[in-house]
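# need a structure here:
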Amino acid sequence: MMALRDGRLRAWCAAALLWLSAVALLPSAALGAAPADLYEVFVPVTEDRDAALAAALRTVVIRVSGRRDAPDRLGDALASPWNYAQRSGLTADGMLQVGFDSLSIDRLLTGAGLPVWGRERPATLVWLQVQDRDGTAFWLGADTLAIERDALERAAHERGVPLIWPALDFDERQTMHAQAGDDELLRSAARYGANAVLLGRARRDGGEVSWTLLSGGETRHVTGSLEDGVHLAADTFAALYAATGSSLQEIGVEVAGISNLDAYAATLNYLENMTLVRSVTVDRVAGDRVRFRLAVRGDEAALLRALALDTRLAPAAPTVDRGLGADAAAAAGAPLQLRYQP
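Numbering: from 1, shown residues only. The predicted model follows:
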């Protein structure tokens, strides 16, 4: 770590280390950023336990790479799944639970030229209308019991896509009955804290499901099975958020609004827990601004996309160092400007 250049920064960092030590003792859910363990898989138990473990390895490499063709790229590695498993055991309902070593899986994927898609995964609000055999149609919500919802949940768990289901209150039912447009769907996603919308229309008479994904200002469509909606979302998100290669890029980030120790420690902890970020050093403190230097697996655009999934660090108006004009500051590699939002 680089030298700390003033007493205030040294004091903040010393106090923050104590704060972060306390945070580390909390349950992981308190940190709030990641979906369920990406490296843990549940598969049916077969007579051939090695075959079940190999199936678990295939699931985890697809989930972590974001690529459905990942198993085909790994060759003989699938023949020795025990080399990557950290723990395994049977659950009460007879499933084989396998926890894989994250570093080993990441190295396996990187060595095969595959990307690694970490914890930064868009939450997706699902609007799925099902037409029953008698012609009646209904929307699936958070409290709906339906085989279609179960199928989507299983596929989403396998791909590592966090899904959100609507409450289906009166206003929402009226809006969807009136054929909500894209803008209304995106506003509904914002109300639920979701980053994307997956709209589907299914029929129980065996017809195909029509899917539309709204994300990042773009619209994508696919027609197929129930699971194909989840695959559309996962394939789209992996192309945006997965990091390829092992080289690191150094990126400066200046965060405003850090006015106390809690804000400083929360920001440092958040940055250190981002999958793209391999290391964080503190550069300087000036007023309520703290400048960090990040070693990032990927480029600045990938970092900004990952940051946009969370509201804690929002884009801020750029500042220019005294004595430098805007053009000179850009040429000197001015840091990204963000604002802490508790």
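# for the rest of this, base every contact and every neighbour count on C-alpha atoms.
OK.
# domains of the chain?
40-111, 124-241, 247-340 (automatic domain parsing).
# closest one to G118 among those?
Evaluated over these, closeness to G118 peaks at domain 247-340, with 5.3 Å, by C-alpha to C-alpha.
# now do the closest one: distance to the chain's middle.
19 Å (C-alpha atoms, centre = their mean, to the nearest Å).
# mind putting the domains of the chain into CSV with distance to G118?
CSV is the format used below for the domains of the chain (distance: least, C-alpha to C-alpha, whole Å):
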stretch, distance to G118
domain 40-111, 7
domain 124-241, 8
domain 247-340, 5
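# out of the ones you listed, which gets the lowest mean score?
Looking at the domains of the chain, the lowest mean pLDDT belongs to domain 247-340 (a mean of 84).
# show me where this structure has helices.
Ranges of helices in the chain, per DSSP state H, are 7-24, 49-65, 102-111, 147-159, 170-177, 182-191, 226-241, 261-272, 300-307, 326-331.
# in this protein, where's the longest strand?
Ranked by residue count and defined by DSSP state E, the top strand of the chain is strand 277-286.
# quick check: angle from it to helix 261-272?
Using axes from the mean of the first three to the mean of the last three C-alpha atoms, to 10 degrees, one finds that strand 277-286 and helix 261-272 are set 150 degrees apart in direction.
# so what secondary structure elements neighbour strand 277-286?
Packing partners of strand 277-286 (3 or more C-alpha pairs under 8 Å, 6 or more residues apart in numbering; DSSP states H and E): helix 7-24, helix 261-272, strand 289-296.
# show me which residues of the second one are buried.
Residues D262, A263, Y264, A265, A266, T267, L268, N269, Y270, L271, E272 are the ones in helix 261-272 that count as buried (16 or more other C-alpha atoms under 10 Å).
# then it to CSV, C-alphas only?
Output of helix 261-272 as CSV, limited to C-alpha atoms (Å, rounded to 0.1, in the frame of the first residue of the first chain):
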residue,chain,number,x,y,z
LEU,A,261,-15.8,7.4,9.5
ASP,A,262,-18.9,5.3,8.8
ALA,A,263,-19.1,6.7,5.2
TYR,A,264,-15.4,6.1,4.7
ALA,A,265,-15.4,2.5,5.9
ALA,A,266,-18.6,1.7,4.1
THR,A,267,-17.2,3.0,0.8
LEU,A,268,-13.9,1.1,1.3
ASN,A,269,-15.7,-2.1,2.2
TYR,A,270,-18.0,-1.8,-0.9
LEU,A,271,-15.1,-1.2,-3.3
GLU,A,272,-13.0,-4.1,-1.9
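# show me what it is packed against.
Helix 261-272 packs on helix 7-24, strand 277-286, going by 3+ C-alpha pairs under 8 Å, 6+ apart.
# one step back: which one, of the domains of the chain, ends up nearest to W117?
Checked against C-alpha to C-alpha, the stretch from the domains of the chain lying closest is domain 40-111, at 5.2 Å.
# start to end distance for the closest one?
21 Å (C-alpha to C-alpha, to the nearest Å).
# report the two of the buried residues of helix 261-272 separated the most.
Among those, D262 and E272 lie farthest apart (C-alpha to C-alpha), at 15.3 Å.
# what about the closest residue to M95 other than its chain neighbours, distance to A155?
Using C-alpha to C-alpha, 6 or more residues apart in numbering and skipping the chain neighbours, the partner closest in space to M95 is P44 (4.9 Å). For P44, the distance to A155 equals 15 Å [C-alpha to C-alpha].
# same check, this time on A256
To A155, A256 is 40 Å away according to C-alpha to C-alpha.
# of those two, who's got more company?
A256 (23 against 18; other C-alpha atoms under 10 Å).
# now stretch 82-96, how far from the centre of its chain.
Worked out by C-alpha atoms, centre = their mean, stretch 82-96 lies 25 Å from the chain centre.
# could you do stretch 72-90 as well?
For stretch 72-90, the distance to the chain centre is 24 Å (C-alpha atoms, centre = their mean).
# with stretch 219-237 instead?
That offset, for stretch 219-237, works out to 17 Å (C-alpha atoms, centre = their mean).
# so which bits of it are buried?
Applying 16+ other C-alpha under 10 Å to stretch 219-237 flags S225, L226, E227, D228, G229, V230, H231, L232, A233, A234, F237 as buried.
# may I see the residues you listed organised as JSON lines, with distance to A334 added?
Below are those laid out as JSON lines (distance: C-alpha to C-alpha, whole Å):
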{"residue": "S225", "distance to A334": "47"}
{"residue": "L226", "distance to A334": "46"}
{"residue": "E227", "distance to A334": "44"}
{"residue": "D228", "distance to A334": "43"}
{"residue": "G229", "distance to A334": "41"}
{"residue": "V230", "distance to A334": "39"}
{"residue": "H231", "distance to A334": "38"}
{"residue": "L232", "distance to A334": "37"}
{"residue": "A233", "distance to A334": "34"}
{"residue": "A234", "distance to A334": "34"}
{"residue": "F237", "distance to A334": "29"}
